[in-house]
Structure formats: structure tokens, C-alpha cells
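Engineer: Give me coordinates for this.
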Amino acid sequence: MRKVSVVTREREELVDITAAVAEEVRAAGWETGAVLVYVPHTTAGVLVNEHADPDVARDIVAHLRRVVPRDPSFRHAEGNSDAHIKAVLTGTHVLVPIKGGALQLGRWQGIFFAEWDGPRRREVWLTFLREG
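Structural biologist: Predicted coordinates:
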């Protein structure tokens, strides 16, 4: 397993980690198969979406903020229940194919770390899966 460090600067943000994941694939010498990108945090997630236009990431964050606002009536004592719910919505993992040592993402796709309770220092874990 390999790890990617992510430092977030906002309470809620999407951080494009595509290049960091691609570099780990290259450094591992992985040619064919897939990489499981996993977030071991309960108030963060990972997703694949458009990374050509940064407004898409901003729109995702803004919409989830409206859908799941910080609410003082949540019972969780730490006051970050909204972050836990947003993490459920974005998910903890994505699986990305690898061919010829490169991530096989669509033309406009990127891999994003989704921070819902920052700023923090986080980790993303990568596990390589063989084809066949």
C-alpha cells in the first residue's frame, strides 16, 4: 500500500489529487490493473468528477453545503455531523483502471479528495489490484 498526503486549507473543499495518484502509480511501476483510492477518515471522502473547470468542484461543495448545512440540532457532540453526512454522500473509495502505467480516466475526469471538516492533514491510501 502507498499513501498520499493531503493538506486542506478550508473546512469544505475538493482537492485535485489526480497528479499525486498518477505519480504513485508511476513510482510503483504499476503497468496494468487498477488502483483503489481509499480515504480512511470519517469526515472526508473521494470522488471522480470533472477537473478541467474548477467551478465544477466549487459547485459540488456549495450544493452539498446547502443540502447538508451545519445544524445545531444534530446530536453529535463534536458539532461536525454535517461533515460525516457529506462523507457518506461522497464515499470512501474509487477504483481507477490502469493501462500502460497510466490512470485510465475520461477526458475531463480527475480524482478529488473531499474535505468536509478541515482544515486538516489527511491521508489517502492506494492499493494496487492486478488484472485477471
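Engineer: which SSE is residue 82 in?
Structural biologist: helix 81-90 (DSSP states H and E).
Engineer: Let me see the mean pLDDT of that helix.
Structural biologist: Averaging pLDDT along helix 81-90 yields 95.
Engineer: and if you look at stretch 119-132?
Structural biologist: For stretch 119-132, the per-residue pLDDT averages 94.
Engineer: where along the chain do the strands fall?
Structural biologist: 2-7, 13-16, 33-38, 44-50, 93-99, 102-103, 109-115, 121-129 (DSSP state E).
Engineer: what about the chain, any weak spots by pLDDT?
Structural biologist: By pLDDT under 70, the low-scoring segments of the chain are 77, 132.
Engineer: Could you name whichever residue is most remote from the centre of it?
Structural biologist: Within the chain, the residue lying farthest from the chain centre (CA atoms, centre = their mean) is residue 73, at 27.8 Å.
Engineer: For it, give its distance to residue 2.
Structural biologist: 41 Å (CB to CB, to the nearest Å). To be clear about C-beta, it is placed using only N, CA and C from the backbone, and glycine gets the same treatment.
Engineer: Check residue 103 too.
Structural biologist: 14 Å.
Engineer: likewise residue 21?
Structural biologist: Residue 21 is 9 Å from residue 2, where distance means CB to CB.
Engineer: which residues are common contacts for the two?
Structural biologist: Counting by CB atoms under 8 Å, 6 or more residues apart in numbering, the common neighbours of residue 21 and residue 2 are residue 126.
Engineer: more neighbours, those two?
Structural biologist: residue 21 (24 against 16; other CB atoms under 10 Å).
Engineer: That one: what's it in contact with?
Structural biologist: 4, 35, 37, 96, 103, 111, 124, 126.
Engineer: just to revisit the earlier point, phi first, then psi, for the residue farthest from the centre of the chain.
Structural biologist: Torsion angles at residue 73 (phi, psi; degrees, to the nearest 10) stand at phi -80, psi -10.
Engineer: That one: what's it in contact with?
Structural biologist: Residue 73 touches nothing, counting by CB under 8 Å, 6+ apart.
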